[in-house]
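# Fold the following, please.
(2 chains)
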2 protein chains.
Amino acid sequence: MKKITVGAFLLSMMFVGINAQSLKSPDGKFEMNFQLKQGVPYYNLKYNGNVVVEDSKLGLRLFKDTAIKFASEIAKPEDLKFDLNNGFTKTDEKRDSKNETWQPVLGEKKNYINHYNELAVTLNQTSSDRSIVVKFRLFNDGLGFRYEFPQQKNLNYFVIREEDSEIDFPTDMKAWWIVADYDSQEYQYQETKISEIPARWDKAYDSNASQKLIKNAVQSPLMLKKEGKEPLYVNVAEAAVLNYPASHLEVDAQNYKFKTHLTADRQGAKGYIQTPSVTPWRTIIVAPKAEEVMDSKMIFNLNEPTKYTDTSYIKPTKYMGVWWEMIIGKSQWAYSTAENVHLGVTDFSKLTPNGKHAANNTRVKEYIDFAAENGFGGLLIEGWNVGWEDWFGHSKEYVFDFITPYPDFDIKMLNEYAHSKGIKLIMHHETSGSATNYERWADKAFQLMNKYGYESVKTGYVGDIIPRGEHHYSQWTINHYYRIAEKANEYKIMINSHESVRPTGESRTYPNWISAEAARGTEYDAFGGNNPDHQTILPFTRWMGGSMDYTPGIFQTKLDYYFPGDTRFVKTTLAKQLALYVTMYMPLQMAADLPENYKKHMDAFQFIKDVAADWDDTKILAAEPGDYVVTARKAKGTENWFVGGITDENKRDYTVDFSFLDKGQKYEATIYEDGKDADYINNPQNYNIYKKIITSKSKINFKMARSGGFAITIKKM
Amino acid sequence: MKKITVGAFLLSMMFVGINAQSLKSPDGKFEMNFQLKQGVPYYNLKYNGNVVVEDSKLGLRLFKDTAIKFASEIAKPEDLKFDLNNGFTKTDEKRDSKNETWQPVLGEKKNYINHYNELAVTLNQTSSDRSIVVKFRLFNDGLGFRYEFPQQKNLNYFVIREEDSEIDFPTDMKAWWIVADYDSQEYQYQETKISEIPARWDKAYDSNASQKLIKNAVQSPLMLKKEGKEPLYVNVAEAAVLNYPASHLEVDAQNYKFKTHLTADRQGAKGYIQTPSVTPWRTIIVAPKAEEVMDSKMIFNLNEPTKYTDTSYIKPTKYMGVWWEMIIGKSQWAYSTAENVHLGVTDFSKLTPNGKHAANNTRVKEYIDFAAENGFGGLLIEGWNVGWEDWFGHSKEYVFDFITPYPDFDIKMLNEYAHSKGIKLIMHHETSGSATNYERWADKAFQLMNKYGYESVKTGYVGDIIPRGEHHYSQWTINHYYRIAEKANEYKIMINSHESVRPTGESRTYPNWISAEAARGTEYDAFGGNNPDHQTILPFTRWMGGSMDYTPGIFQTKLDYYFPGDTRFVKTTLAKQLALYVTMYMPLQMAADLPENYKKHMDAFQFIKDVAADWDDTKILAAEPGDYVVTARKAKGTENWFVGGITDENKRDYTVDFSFLDKGQKYEATIYEDGKDADYINNPQNYNIYKKIITSKSKINFKMARSGGFAITIKKM
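Got it, this is the predicted structure:
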């Protein structure tokens, strides 16, 4: 059905010889060709001689003025002469290459290899005498490209109407995707062909606390698979989204083509640019094996090394939290029965307690005791500060001050108590989307953290953003997240953000932003349920750009345990929950369930106590998006390994081949697996635990239950 | 042409007896009647038994949700049941009265008298079980009313679609007005009948740096005059605009009716309200004499007393400024020839100086020397800080840091030099409209001021506001101004704001916000020219709510003095410039011209050196909007008086009757008047100065030239 495109493609081939630049990957397997066709820039991509991306257009459309006037400018017809997508001639071409090894502050491996060949083409638009650079980097695992805007006489400030970077695939492919939205990534993944996306789109979302859906567009990273005898896995994403909106992908389903769609602000503008400036990288990772896509560090490599002078305070942590009991509705964040409070005016000590406030001295001490007894490093406490009575849904700007505890939360006593037991409390800054308010209070909030010895903070952005009309992924808000990260660095504070923009590899540059949510985590199991295949897709999508605070570890999966008749449940076996600590890379590892639930399964809980949170090495043993993931990781600074395997809604056999272990060395393996009758619906808490001596020659077969899994602790003997 | 209205009015009279509340002013001259007509609230106003305001509707329309969703909610049809303008029954009625005297920190008189009778009507909307209060205060000079929203079960948060407070006049009147705009008040005043406003509207504006015009609406305060045998002067304005947008007045020209039009945000929302809350007061000042309107302190009386615990740092000042030479184009704010700079990146010391940077050590010392020699208290220096190279028109958020001087401005040396001579430098914080950026830097900026001994700051908001889509007069931005005022108070800093919202009497509550621009000041004479009647209208409009930093004192009015052939000129005689120091109340009095121009007229300059900036008493001797103003003021803590008289484009005779002086007391008067041949076009610098002994029985006749005036210093002997 792609006759027209194929025709254009053939036609374009005629020009290749005349005015085209070719770039090859270091291993020679990839070839990228750039050319101008009648002044319009195009690129294509081949892998092993086969076309992966057909000739695809590049360019940006701009607004006429650098300052957008209220509506009037938006309403004006577009004017080609302001756009940077036509009338170009090539005026320069530079080539470069790099092969470096660098060490992430926290990461999946000790060393990340950054190996690429680079082509930078300077294009001059004669009519306006403006020049831009299109820079391509071709790695052994795929292509990255971006636009660069050198400072020059005729290009100092501009406002982007849209970036029109196309990715035109030659054939239909299987796709794992979520609907595009300027404010949320918390959607259920869909598995369809590209050609089927529009038909499925309208059924692919439910409502969210903040939501601005983009019809027939999907989010990035997008995972694709060309099926057949020689399958090819393709991941489309972006890297280094800084001072720029996050992008989505408009779908041309008939032509299997995607096009960049940037997040707009309330004025419809998609980026206020001052030169010199660069866009984020558009990334296309391609590999014959799904495991190789999962293993790619290309997105991180396309980010800049950090400028932080001190990263010694950035450390992995395992933590518990006063959190799940509020998520499921057993407790509350708010302290009182009031529904309308005014910070600085309301005397919270005079309000009527609701009797369900979890962040109280007694309950928090119980958590501290349990976390300390079991070797955790941190304890998150949500609902500690005043303002939760009316925190959501009122576009209330001054919603929290981030420094005033509720009357039943003794911040000094609790921190001292925690420190005496080796626990650091983890701060919680829910902003309710009121970013302007958070910026006003950030210094005082971080000073309070320093004063009481908090080392990290979980931030939250539930609800519509203030400044009103901005979006969670618009340029202003993205700049806000980085302002907060930089300010936190001044105070030597680590950040774990929720409802923020998805990471695109910036942990290389801002290593104190150690984790983010930015997808459906465990909490959605209480809000309606994640599908059993959810965790097998996330590593190919959300995780491509950085770690996720997924908050696994739910042992009591059925919520009718708390509320008779409640049909909600976490769609997993207990063993699968353990496996997630390995399959999901998280330097900030939460054990999300309640202490009393862990106490009933201390044998299984031992795995969570033992598992590492930072790694010297990672091996993706097996993976297929939507089906299964098996990962082995070597704990930082040790010779110990951990293995995790998970499956989707189907039972699955998998045999772990331990050949990744040192040869001739004996290891003690502790194995946690689904019990014979385990089943995520009928018998989730059925598991076996046993020990076994293994070597690199060992193989162990696992029979994973429906939405089951297994976990292994491997200690060098 | 008001048949329908008259009919409705007669009909309404039938209901008055049934369900109406009447309120009288303390002197009994005013009568206000409130009534519900089929559940809709109305009020009217009578003066001396004559209808001044016919039955006029009250009420607000609301959005359905407290959080406005991107466009979707705006697009929805209005839904009556959410509105607070119908279906009311009266459930309570409270009366109160007050007669107090209070002292402004800085003011036109030592004592302001606040004397009113009050009626508060509680209205319940049965269908929604929501209650609001309409509160009326009737003074001897007019009416104020507002809406109050008590906290209650069904009214906690709402978003205003529009406030529909009507003022329906029975007859056509003369009106002095400027076009309504969400971002600027810098327009030329128009003098037409109400009925002629629409025809004139389209010719009544030119372009502005930030502009969102509201078609066929006018700004507040609006000055009106019912002409005829018994003239009546009416001023329509608002008081205490806090946490609420500023309002405009939609004109129904055929029916001589006005209706509130609030400034919208980018989402079309006009106020995010959390109860308990109150709106600003809508004010209608009415008097048979123009002088009484000018003398009214009703707008200040409707504001709350300050909560500041220390106001001792709030002092009047006369100052000069490194300013006018940039305004006319002789010098520049920017230091270098660069057109694109990045704060924190650009090394300004390495840029090429443009050679026209006025805020340099040498030039500033010249100003300090002259200001010190002539007894001034302050010196404003604009362009002292980095960022002016590209400060405007690019929607650049990080445009200034407010703490980094240009390489040729030695902030430490200059402050020490100034202090050694008794001068305080006045800080300048131009924000370029980037309010978010200013809030981020405000603490550091004020700390810098404290460190170097700056006591006051001139702030500026030229250009579109950031958060993008907010307006200079929208709720968010108004809250910003007050946040800055409160923060400045923490640092004991006085604020003089430019391009901010017009004041509505809040200097009573926030006395450190001592002045504002918020209308066309002297600078417009360099930008195209203020009409000669401009300064005779401002006291009836812009000045009603607070002082203005008009920056008078231009002696060298013709700009061809600097630039041969330049036709720009300040449309005034020199004597009129002196008079402005009295006719215009300004606790922060600028002598705006260059030292070298004053040096040529040191005899006339003596008046500026002598004139006070703070007052124990004020007498409006004569005034007619658009024609003339003659004002006498008694200097704070002395027995000395100053008199100023100005006229419009017409020559005018005026005889000052000095009966306001103490009886039997001799005074030495120094008189500055237009010379015989003075004329604002042909001979502006022609003036006479002479001394004369006067008593309370003296009378002196002045022959004011076209756009001329006179000034008198009166010292008790």
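
# Not counting its neighbours along the chain, what's nearest the residue in chain A that chain B sits nearest to?
Closest residue of chain A to chain B, C-beta to the nearest C-beta: A:Pro467 (3.3 Å). To be clear about C-beta, it is placed using only N, CA and C from the backbone, and glycine gets the same treatment. Closest residue in space to A:Pro467, ignoring its immediate chain neighbours: B:Pro467 at 3.3 Å, by C-beta to C-beta, 6 or more residues apart in numbering or on different chains.

# Quick one, grab the pLDDT at that neighbour.
Reported pLDDT at B:Pro467 in the predicted model: 97.

# so the residue of chain A closest to chain B makes contact with B:Glu439?
No. Look at A:Pro467 against B:Glu439 with C-beta atoms under 8 Å: they stay out of range, at 11.4 Å.

# which residues are common contacts for these two?
Residues touching both A:Pro467 and B:Glu439 (C-beta atoms under 8 Å, 6 or more residues apart in numbering or on different chains) are A:Thr436.

# And the two? Which one has more around it.
Neighbour tally, A:Pro467 and B:Glu439, criterion other C-beta atoms under 10 Å in any protein chain shown: the higher count belongs to A:Pro467, 26 against 17.

# which residues does that one contact?
Going by C-beta under 8 Å, 6+ apart, A:Pro467 touches A:435-436, A:476, B:436, B:467-470, B:476.

# again, only this time at 10 Å
Neighbouring residues of A:Pro467 by C-beta atoms under 10 Å, 6 or more residues apart in numbering or on different chains: A:265-266, A:397, A:434-436, A:474, A:476-477, A:480, B:265-266, B:435-436, B:465-470, B:476.

# Need the buried ones from those selected in ChimeraX.
Applying 16 or more other C-beta atoms under 10 Å in any protein chain shown to the contacts of A:Pro467 leaves a buried subset, and the ChimeraX line that selects it is:
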select /A:265,266,397,434,435,436,474,476,477,480 /B:265,266,435,436,465,466,467,468,469,470,476
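
# Okay, and which of the contacts of A:Pro467 map to helices?
Here DSSP state H is the test, and the contacts of A:Pro467 give A:435-436, A:476-477, A:480, B:435-436, B:476 as lying in helices.

# from the residues you listed, which is closest to A:Ala518?
Closest approach between the ones in helices among the contacts of A:Pro467 and A:Ala518, by C-beta to C-beta: A:Thr477, at 12.6 Å.

# and A:Asp603, that's in a strand?
No. Counting by DSSP: H, G, I helix; E, B strand; the rest coil, A:Asp603 falls outside a strand, being helix.

# Tell me the secondary structure at A:Ala488.
helix.

# swap in A:Thr311?
coil.

# I'd say it and A:Asn489 touch.
Yes. Between A:Thr311 and A:Asn489 there is a contact under C-beta atoms under 10 Å: 8.9 Å.

# More neighbours: which of the two?
A:Asn489 (23 against 15).

# Spatially nearest residue to that one (excluding sequence neighbours)?
Excluding its sequence neighbours, the residue lying closest to A:Asn489 (C-beta to C-beta, 6+ apart) is A:Asn512, at 5.0 Å.

# who's in contact with that neighbour?
Counting by C-beta under 10 Å, 6+ apart, A:Asn512 touches A:105-106, A:306, A:308, A:310-311, A:313-314, A:456, A:485-486, A:488-495.

# Tell me the buried residues within those residues.
Buried among those (16+ other C-beta under 10 Å): A:105-106, A:306, A:308, A:314, A:456, A:485, A:488-489, A:491-495.

# Mind putting those residues into CSV with secondary structure and pLDDT?
Formatted as CSV, the buried ones among the contacts of A:Asn512 follow (DSSP: H, G, I helix; E, B strand; the rest coil; pLDDT from 0 to 100):
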residue, secondary structure, pLDDT
A:Val105, coil, 97
A:Leu106, coil, 97
A:Thr306, coil, 98
A:Tyr308, coil, 98
A:Ile314, coil, 98
A:Ser456, strand, 98
A:Ala485, helix, 98
A:Ala488, helix, 98
A:Asn489, helix, 98
A:Tyr491, coil, 98
A:Lys492, coil, 98
A:Ile493, coil, 98
A:Met494, strand, 98
A:Ile495, strand, 98
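
# Can you pick out the most distant pair from the residues you listed?
Spatially, the most separated pair among the buried ones among the contacts of A:Asn512 is A:Leu106 and A:Tyr491, at 18.6 Å (C-beta to C-beta).

# just to revisit the earlier point, so the residue nearest to A:Asn489 versus A:Thr275, what's the distance?
Distance of A:Asn512 to A:Thr275, computed by C-beta to C-beta, to the nearest Å: 29 Å.

# before we move on, what about A:Lys212?
Counting by C-beta to C-beta, the gap from A:Lys212 to A:Thr275 is 29 Å.

# remind me which residues of chain A are low pLDDT?
Low-confidence segments of chain A, defined by pLDDT under 70: A:1-19, A:66-80.

# Let me see the contact set for A:Gly144.
Here A:Gly144 is in contact with A:116, A:118, A:135-138, A:237-240, A:280-285, A:298-299, A:301-302 (C-beta under 10 Å, 6+ apart).
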